[in-house]
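Asker: pasting the sequence and the predicted coordinates here, then a few questions.
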Amino acid sequence: MFTIRGIDWNNSIKAMKAMPKTKTKSYNPIVENVVIAYDGTVLTLSATNMAVSLQIPIPRSYRTENDPAIPVFSVAIPRERLAKTLAKKTDTVTISVEESAISLKIGESRQRIPYSSTEYYLPFLPTLDKDSSTYTSFQSHYLATALSQVVCATSDERARYQLGGVQIEPERLVATDGRRLHIANLPYSVSDSPDTLPILVPADSCLSLISLYKVFKADKRDSTWELVWDGRRLLVKSNSFAFVTTLMEQNFPPYLPEIPERDSLCFNACVCVSSLQSVLKSAIPSCNQRSHLVTLHYCNESITVTASNENESFSYHVSANVPDTLDMKVSYNADFLLDVLSHCPTETIRFYTPDNTGGPLHAMSTDNESYYSIVMPMSIRESVDTTIEEEEEEEEEEEESLDSPYSDVIDEVILASVGF
């Protein structure tokens, strides 16, 4: 019998929900179950989806010298049943293993969950060869924040598989879907062995790590993550969890040669993040529902945000530091702009373009540019009496519409990398 803190149990259940969902329709007990095991020292919860594995140690809260020894055990219970055992305002959870079920005493309530054998389960955490692996440690806050800043720019298109992950480099994290590119610069280097980087981590795994950070961030013991990787896998370990993910094949497009020098860009504006964010959210209902296109008009020390569809139109001025001589209109996807603003770490953000006629938006945070994003411009061609097929074709063209020589080069690099 184990007696553990209710908060430790709840955090473990919430962390299990961070596991990426299985994308196959066939039933696999190893994927659908969670293993609860005691090895004589520590109680653990373990789960996998075959590409990602998660193990969480749970400390025993109360134990005296007179307590009977607990036999070693390992049982598998359905993940869905386990998710329903969150403790509600209780200090402790008592766990005992019976002949055919595991018993949970949560406050005044009791639950019995049938279990199955784990005889054919493989170890959840692989043993990485020290000679062929790289070890490092990193502050969890910095890494989780950087992951959240860039993961929204990953692609879920099968034809662009190599864009479905976040590239971890020695001093930055990068992600792109071909229409936007996000870069989060780190305060210090990830590894003392830069030749072992970059590595490409699947977007689902990045989202899981962000969720794990949110669950355990209140625990001061979890302030540092240990990272271990070889050519195929990445292990992220802390005092609260151990997470293993399969790495993607390193085929990320070469983006650095296509990013212009800061001095070659034209300054457009410095604007309050929260103000522009609020206006863009208000503009979305008035946008074209397929493209979510909004137009930014830089003029008269302000940015005018406009949007329109068949039923309504929207226009609103946002105060900004805009050059007196600038009078420019450029259209972008409102959702992409909101992603940039929601992850900007500073209260204000600077906008640049390659020239004073428009083009890709280069957005930079004002804290030494720790966060940098590029958003491609968009345009809509009005058409009359189009068929459904033509509309679908136009929608694809609108999403791919990049109006500058720079954006053409980026698209060529990305398309070439997937064999188009």
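Answerer: Now that the structure is in, tell me what you want to look at. Numbering: from 1, shown residues only.

Asker: you'd agree residue 170 is up against residue 192?
Answerer: No - in this structure, residue 170 is not within contact of residue 192 by Cβ atoms under 8 Å, at 9.2 Å. Placement of C-beta: from N, CA and C, glycine included.

Asker: which one of these two has more residues nearby?
Answerer: Set side by side, residue 170 and residue 192 show more neighbours around residue 170, with 16 against 10, by other Cβ atoms under 10 Å.

Asker: now the more buried one: how far from residue 232?
Answerer: Separation of residue 170 from residue 232 (Cβ to Cβ, to the nearest Å): 20 Å.

Asker: same thing with residue 55?
Answerer: 19 Å.

Asker: please apply the same query to residue 54.
Answerer: According to Cβ to Cβ, residue 54 and residue 232 sit 18 Å apart.

Asker: could you check which of those two has the larger neighbour count?
Answerer: residue 54 (25 against 12).

Asker: part of a strand, is residue 37?
Answerer: Yes - read with DSSP: H, G, I helix; E, B strand; the rest coil, residue 37 is one of the residues of a strand.

Asker: that one - how many residues pack around it?
Answerer: So residue 37, with other Cβ under 10 Å, has 18 neighbours.

Asker: same deal with residue 341?
Answerer: Each residue near residue 341 was counted by other Cβ under 10 Å, and the total is 21.

Asker: what about the nearest residue to residue 281 once chain neighbours are set aside, which SS state?
Answerer: In space, and not counting its chain neighbours, residue 281 is closest to residue 338: 7.0 Å by Cβ to Cβ, 6 or more residues apart in numbering. Under three-state DSSP, the three-state class of residue 338 is helix.

Asker: and the strands in the stretch 101-250 of the chain?
Answerer: Taking DSSP state E, counting those that start in this stretch as the test, the strands found in the stretch 101-250 of the chain are 101-106, 109-114, 116-117, 134-139, 165-168, 172-176, 180-185, 199-202, 224-229, 233-237, 242-246.

Asker: distance from the shortest one to the middle of the chain?
Answerer: Pointing back at strand 116-117 there. Centroid separation for strand 116-117 versus its chain: 34 Å, with Cα atoms, centre = their mean, to the nearest Å.

Asker: give me the mean pLDDT for it.
Answerer: Averaging pLDDT along strand 116-117 gives 90.

Asker: do stretch 210-229 as well
Answerer: 86.

Asker: ok, and what's touching that stretch?
Answerer: 11, 14-15, 17-18, 54, 128, 133-141, 143-144, 147-148, 151, 190-191, 196, 199, 234-241, 243, 247 (Cβ atoms under 8 Å, 6 or more residues apart in numbering).

Asker: now swap in stretch 187-201 and tell me
Answerer: With contact meaning Cβ under 8 Å, 6+ apart, stretch 187-201 is reached by 134, 136, 138, 142, 162, 165-171, 227, 229, 234, 245, 247-252, 370.

Asker: just the buried residues from those residues, in PyMOL please.
Answerer: Selection of buried members from the contacts of stretch 187-201 for PyMOL, criterion 16 or more other Cβ atoms under 10 Å:
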select buried, resi 134+136+138+142+162+165+166+167+168+169+170+227+229+234+245+247+248+252+370
